[in-house]
Each structure stands twice: as C-alpha cells, then as structure tokens.
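> no sequence on hand, only this structure:
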C-alpha cells in the first residue's frame, strides 16, 4: 500500500491495462454467457443510486418504494403483480432465499428437522450451495428424453422430510422448460413448496408468448407455484448485480426474517444485509423505458439469430442436441469430442462453454451476438468441419 496518494491519471492507466485483458461483450465473441451489456439508460440510472442502501431501507424510503414497484412489475410479467420479494444479487441468492424460506416454513409448520429438496439434474449449481449452507439434502430427479425433469420420479420421492420441489423454466444448459403444470399439481396434492427457477426464462418466455410463441404455463398463473427466481441482469438488460426472488405470499419472508434492532427496519429477510439500491432503480427505470413491447422485440431478435444459427449448424453437418426452445443452442461435432470442439473454437478466439447434461458445446444467443458474428462463427465451424 502506498503511503502517498497517486494521481488519478496513473491509477486509471493501470486499471485500463487490467481491463484490456477482459473480453468485451461488444466483440460478439462471448458465446457462453447468460449476461450481456447493460442498457445505457440502465447504467445512467444505476450511477444515480450508487449511495442508496436497501439494507437500511428506512433511510432510503424512495428507493424502497422503487424496489416494491419493480417487484410488482416483474410479478405482472409472471402472472401475479401482487407478489412479495426483493431485488437481490442474482439467481444464486434468489434460489438460496427460496430454499431457506421453504425450509424455515416447513420447520415452523410441520416440524421437519432434516429437510430434503427435489431438483432436476439440470438444476443450477446454486442448489448445491443450498445443500451446504442450509443443511438440506438434495435429491436429483432424472431427465426424460426431452431433458425435462421426471415428474414420476418427483412424485415417487416425496417423503415426510421433503420441504420443496424445484422446476426450471429455461434451464442453464439448454433453455428447457420443465413440466411446471404437473409439478404444480403435485405441489398442491402433497402440500409441498414449489419453486420455479426462471433466472433465464423469466425475461424471455412471457414476451415470446406475447408474440405468439407456444409455451406452457410456468409461472404464478399455476396455483401450485409458490416462489420464482428471475434475473433482470440476463435478458432484462439490467446492470450486474440484479436478481429477483418472488413469493406468492409473504409467509416465507416472515419465516426467515431476523431481528435487526439497530436499523430503521427492525426485521430483514434477505441473505445479505447491505443491499445496493441502484439495481432496483435501474431495472425499474428500464422496464418503464422498454415496456413489454421492447422486451418482446429483444427476445424476437435473439430467437431469429438462434434459428439462423441452428439452421447453419445443421447445414454444416453438426449435431444439435435438440431444437432450441429459447435462445440457447447445444451442439456437437460428428467426430470430435465436445472438449476438442470447444478447444478448436477457443483457438479461433471464440469464448464458448460446455454443458454436462448432456455434453455439448453451448451457445447463448444474447443481444451482443449479431448476425455478422454468427456468419463468422459458422465460417470457422465450416473450417473445423472440413479440416479436422
């Protein structure tokens, strides 16, 4: 640590050197990320609220009102504007809150001590964190031929210790939507908390449905859905960090509330204490600025590029894991291993990711991936196909 101050210009120069090592979304070569460039208007609003702390919301009552309104708007996208919840850091924190709320409620109402949750094999790794942090046993439900969770397995494996079942709407690896309607029926029949992880799909599916895409119900329109995770910092174009946890009623929030006697609000249900109000303000402003029409246009553009890429892959002889449901594609080379294909793409300066369930190269066609980027990618894939 320096004993004397350093000039801003020198510090900024050093920071720029580090930032130059980062990949940039605008390059169009980041193919494996569910995040993208934040909208310029959202960035502008975010900066204005950098000093607001929703962890002590009585000092920032206007920002707290913004958060409440943002929750209602997101709830309206998902079938119920009268929901409860918080803007949090991301899908991991939201999923942890959902499991913590379900666990605490089960302890209070049913006396369950050794809670279990049933999640699909395709579930996000945050549920492994829930296992470690909350002392929950995680039961993984196998997937069917369409990579959706087996509802028969869920039904057969509910027992006296089950505190929650989980479905995914827009799986991390393939964008698959689980049979949430069937899980809803099971939830009601067994009186079990149903959580839907729509971290990705929550800001895609509703707007594609507006455009006439045929998707099954997956949200609070189903009576058994008790909580949902949605990430505005993915397809919602909000600056990181901006996740969202929604509950159908506030009993889960009450069940995990802790006393905070030295703050202006005397109880707190979120996992973190200090919470940045800028995230709530940015997503609130952006939802007003874009509206449902703006988000529908974004989703349609991403799906058009996804369909173009899928057709190009098939024309080149690559194997698609499945026809894309959302703007996520999993594919493989007919001869190379998944890892070798990923290595070849990275040699050509494409930043891809690999799915494990099933094994495939995975591309998320986000806003920063343009038509010309897809043409360049297909050209490189053609070269790989013809020369290896």
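The structure has been received and is ready for your questions. Keep in mind it's a predicted model, so treat the numbers as computed, not measured.
> how much space is there between the nearest residue to residue 90 once chain neighbours are set aside and residue 91?
Using Cβ to Cβ, 6 or more residues apart in numbering and skipping residues adjacent in sequence, the residue nearest residue 90 is residue 243, 3.8 Å away. Any C-beta I mention is one placed from the backbone N, CA and C, and that applies to glycine too. As judged by Cβ to Cβ, to the nearest Å, residue 243 and residue 91 stand 5 Å apart.
> try residue 234
8 Å.
> need the overlap of contacts for those two.
Common contacts of residue 234 and residue 91 (Cβ atoms under 8 Å, 6 or more residues apart in numbering): residue 199.
> stretch 20-37: how far from the chain's middle?
17 Å (Cα atoms, centre = their mean, to the nearest Å).
> no wait, stretch 258-276
25 Å.
> with stretch 300-314 instead?
With Cα atoms, centre = their mean, you get 21 Å for stretch 300-314.
> what does it contact?
Counting by Cβ under 8 Å, 6+ apart, residues outside stretch 300-314 touching it are 204, 208, 211, 213, 235, 320, 323-324, 326-329, 331, 363, 365-367, 369-371, 374, 377-378, 381.
> can you select the buried ones among those for me in PyMOL?
Entered in PyMOL, the line below selects the buried ones among these, by 16 or more other Cβ atoms under 10 Å:
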select buried, resi 204+208+213+235+320+324+326+327+328+329+331+363+365+366+367+369+374+377+378+381
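> next step: the contacts of stretch 300-314 restricted to strands.
Counting by DSSP state E, the part of those found in strands is 320, 328, 329, 331, 363.
> does the last one touch residue 31 like I think?
Yes: using Cβ atoms under 8 Å, residue 363 is in contact with residue 31, at 4.6 Å.
> give me the nearest residue to the most centrally placed residue in the chain, chain neighbours excluded.
Centroid-nearest residue in the chain, with Cα atoms, centre = their mean: residue 199, separated by 2.4 Å. Spatial nearest neighbour of residue 199, chain neighbours left out: residue 91 (3.5 Å); criterion: Cβ to Cβ, 6+ apart.
> for residue 217, same thing?
Per Cβ to Cβ, 6+ apart, closest to residue 217 is residue 181, 5.8 Å.
> before we move on, the earlier item: overlap in contacts of residue 363 and residue 31?
residue 352.
> got a list of what residue 172 touches?
Here residue 172 is in contact with 34, 122, 124, 199, 200 (Cβ under 8 Å, 6+ apart).
> I'd like those laid out as TSV, including distance to residue 153 and secondary structure.
Formatted as TSV, these follow (distance: Cβ to Cβ, whole Å; DSSP: H, G, I helix; E, B strand; the rest coil):
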residue	distance to residue 153	secondary structure
34	27	coil
122	13	coil
124	19	coil
199	23	coil
200	23	coil
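> ok, back up a step: which ones are touching the residue nearest to the centre of the chain?
Contacts of residue 199 by Cβ under 8 Å, 6+ apart are 34, 90-91, 94-95, 124, 170, 172, 229-231, 234, 243.
> which stretches of the stretch 101-250 of the chain form strands?
Secondary structure of the stretch 101-250 of the chain, counting by DSSP state E, counting those that start in this stretch: strands at 116-120, 137-141, 162-168, 193-197, 225-230, 243-247.
> ok, which of these comes nearest residue 284?
Residue 284 lies closest to strand 243-247 among these, at 11.5 Å (Cβ to Cβ).
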